[in-house]
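> here are the coordinates; sequence isn't available:
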């Protein structure tokens, strides 16, 4: 009977403490009944036969899970809400982190583009881990209480108020919204940094836009602010409408035009030639900046074209 | 259809029916092993890994009452249908008979079509 005791102890170890005693007692009674029945059929039974019976009952962990099925960390009724919260919070954290790192980068003499990239993504991973853990723990605590049936789904919904069944692209992805939002806020920080930084920080700064280029960008601020408002509108609606698409076409066409106009102006950069001496000359850097701006302009131009086509298809 | 698919569907099909069979069998008190024997004798083969946790769950839902009793030199936990369990059994029996009738017609039609 030592084997039975060991088996029950192994099952009990896998059970929550509050249920160990009761389930162990009951399991013992059930096994004893089965052993009695076996003895009745075969006479005296050997340790090997007891072991075979226990093996047939299943691994102690399996048996424990049959008595107390494992609970998911987050209850299924919260899962959709959990994923939505996670994406929203991670998106907001990325935007806030982008502002923080970009501000630091613009005022720092020793932070190059590669370090900026590392600081942006490495730091975001840190914050994302913190955000993920906090949200998961909050939902875990909620799941431990009595879970709500259909959490996040109002019982007052009306089928008539559901959006028209449109093409798949009509649903706006959260990552697209936050990518746009992060880009607009990045631009705002880059354009307006001379106004909130000290002269010392500016002197140490690593980004050198010419006053002409900066002026064009400053005049473009209302367009960028409109872009932020548009992203927030998308976040609220999450579905492309004709008005939203039309305004997005206009917005992207304007941004593409600004980028192309900026590419055509000269000088674009105001460089400390001593720092770059022997590495690049001014003409090479100006040409690279111009090509980069043309490439940048292609993205909003593509989105404007794509949305124009979608607008024609959308009823 | 693979054997695994068939097993999964059989399991799903049997899951609800087993509750009904257990509730119906526990009009008289039984301990775990004797209940299993009774079900087996009635043609319902159920392994202990399914049955014992199931009766515990039903007892936790107050559909069964339970009591530890000494018998044949050992203690055993006896289960019996509670008042709440009896009400539920009556409702589930009606539901089963309705379903059984409907399914009988459907399956009968399907058999005729196959022939």
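Received the coordinates, thanks. The structure presented is a predicted model; accordingly, all values stated were derived computationally and were not measured.

> Number of residues surrounding residue A:51?
13 (other C-beta atoms under 10 Å in any protein chain shown). Placement of C-beta: from N, CA and C, glycine included.

> I'd guessed it sits against residue A:2; true?
No - with contact defined as C-beta atoms under 8 Å, residue A:51 does not count as touching residue A:2 (10.9 Å).

> doesn't residue B:59 make contact with residue B:65?
Yes - using C-beta under 8 Å, residue B:65 is in contact with residue B:59, at 7.4 Å.

> Please give the centre-to-centre distance between the lengthiest helix in chain B and its chain.
Using DSSP state H, we find that the single longest helix of chain B is helix B:83-114. Offset of helix B:83-114 from its chain centre (C-alpha atoms, centre = their mean, to the nearest Å): 14 Å.

> Which helix or strand in chain A has the lowest average pLDDT?
Every helix and strand of chain A was ranked by mean pLDDT, DSSP states H and E. The lowest is helix A:199-204, at a mean of 65.

> Relative to the whole chain's centre, how far out is the helix or strand following that helix?
Using DSSP states H and E, the helix or strand that directly follows helix A:199-204 along the chain is helix A:211-219. Averaging C-alpha positions (C-alpha atoms, centre = their mean) puts helix A:211-219 33 Å from its chain's average.

> low-scoring pLDDT stretches of the stretch 101-250 of chain A, where are they?
A:109, A:146-154, A:197-208 (pLDDT under 70).

> Residues of chain B that sit close to chain A?
B:31-34, B:48-50, B:52-53, B:56, B:72, B:74-77 (C-beta under 8 Å from any C-beta of the partner chain).

> Identify the residue nearest the residue of the stretch 1-150 of chain A found nearest chain B in space, chain neighbours excluded?
The stretch 1-150 of chain A approaches chain B most closely through residue A:33 (3.5 Å), counting by C-beta to the nearest C-beta. Leaving aside its sequence neighbours, residue A:33 sits nearest to residue B:33 (C-beta to C-beta, 6 or more residues apart in numbering or on different chains; 3.5 Å).

> give the contact list for that neighbour.
A:30, A:33, A:34, A:37 (C-beta atoms under 8 Å, 6 or more residues apart in numbering or on different chains).

> List the buried residues of the longest helix of chain B.
Using 16 or more other C-beta atoms under 10 Å in any protein chain shown as the test for burial, helix B:83-114 gives B:85, B:88, B:89, B:92.

> Of those, which is the nearest to chain A?
residue B:85 (18.6 Å).

> ok, now how distant is residue A:130 from residue A:174?
Applying C-beta to C-beta, to the nearest Å, the value for residue A:130 to residue A:174 is 19 Å.

> what's the domain layout of chain A?
If you go by automatic domain parsing, the domain ranges for chain A are A:2-67, A:72-153, A:165-315.

> show me what contacts residue 51?
All of this is about chain A. residue A:3.

> let's do chain B instead
B:18, B:22, B:32, B:35, B:36, B:39.

> give me that answer again for 7 Å
B:32, B:35, B:36 (C-beta atoms under 7 Å, 6 or more residues apart in numbering or on different chains).
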